[in-house]
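Asker: coords please:
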Amino acid sequence: MTLLQRVEQRHRCAANLPDVACEIAVDERPYIVPRTDARISTIGSWYPPSIRPDGIPFGASGICVTPADEVALISTDGESWSLPGGRPEDQETAEETLRREMREEACVTVQRARLLGYCHITDTGGPGAGVVKVRAWFRAEVRVD
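Answerer: Predicted coordinates:
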């Protein structure tokens, strides 16, 4: 199977199309998913916490879990929901960005954070074509403020 066929297979898998076998990412091997919308096209790759890929730091996002095992989500309209996260300010580390963004967006305080891995995003079309960004993803145990 060629790389293009593998990328297309993973793309169909990500789109939840039937009869597509998904591969699970394994340490030391990126998991690649292409994405295209009206404005841009990108290729996203997943890396384990042991491998920080090269690219411009593009912030941090978190799966925020409360002591009651609830997940904190954010919404601007009460209809569409997402996990909180954002871009770094000044020289923040990924974990500092996570802690600040969780306070600002989700009104939670991070008690403990565990790095899950990195999303490596390559813009392949649109105004940012050629730009490579890296976002850190965490599992955060949080207290609701």
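
Asker: what's near enough to touch the nearest residue to residue 105 once chain neighbours are set aside?
Answerer: Of all residues not flanking residue 105 in the chain, residue 84 sits nearest, at 4.1 Å (C-beta to C-beta, 6 or more residues apart in numbering). Any C-beta I mention is one placed from the backbone N, CA and C, and that applies to glycine too. Shown in contact with residue 84 (C-beta atoms under 8 Å, 6 or more residues apart in numbering): 61-62, 64, 72-74, 101-102, 105-106.

Asker: can you rerun that using 6 Å?
Answerer: Residue 84 is in contact with 74, 101-102, 105-106, counting by C-beta atoms under 6 Å, 6 or more residues apart in numbering.

Asker: would you list the residues you listed in TSV and tack on neighbour count and pLDDT?
Answerer: Shown next, in TSV, are the contacts of residue 84 (neighbours: other C-beta atoms under 10 Å; pLDDT from 0 to 100):
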residue	neighbour count	pLDDT
74	17	91
101	23	96
102	27	95
105	19	93
106	21	93
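
Asker: Which of these sits closest to residue 112?
Answerer: residue 102 (11.9 Å; C-beta to C-beta).

Asker: you'd agree that closest one is up against residue 112?
Answerer: No. Using C-beta atoms under 6 Å as the test, residue 102 is too far from residue 112 to be in contact (11.9 Å).

Asker: quick revisit: tabulate the contacts of residue 84 in CSV, adding columns for distance to residue 119.
Answerer: Putting those into CSV (distance: C-beta to C-beta, whole Å) gives the following:
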residue, distance to residue 119
74, 18
101, 15
102, 18
105, 18
106, 19
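
Asker: give me the beta-bridge partners of residue 112?
Answerer: Beta-bridge partners for residue 112, by DSSP bridges, are residue 141.

Asker: what are the phi and psi values for residue 95?
Answerer: Main-chain torsions, residue 95, degrees, to the nearest 10: phi -70, psi -40.

Asker: Please list all residues in contact with it.
Answerer: Applying C-beta under 6 Å, 6+ apart, the residues near residue 95 are residue 113.
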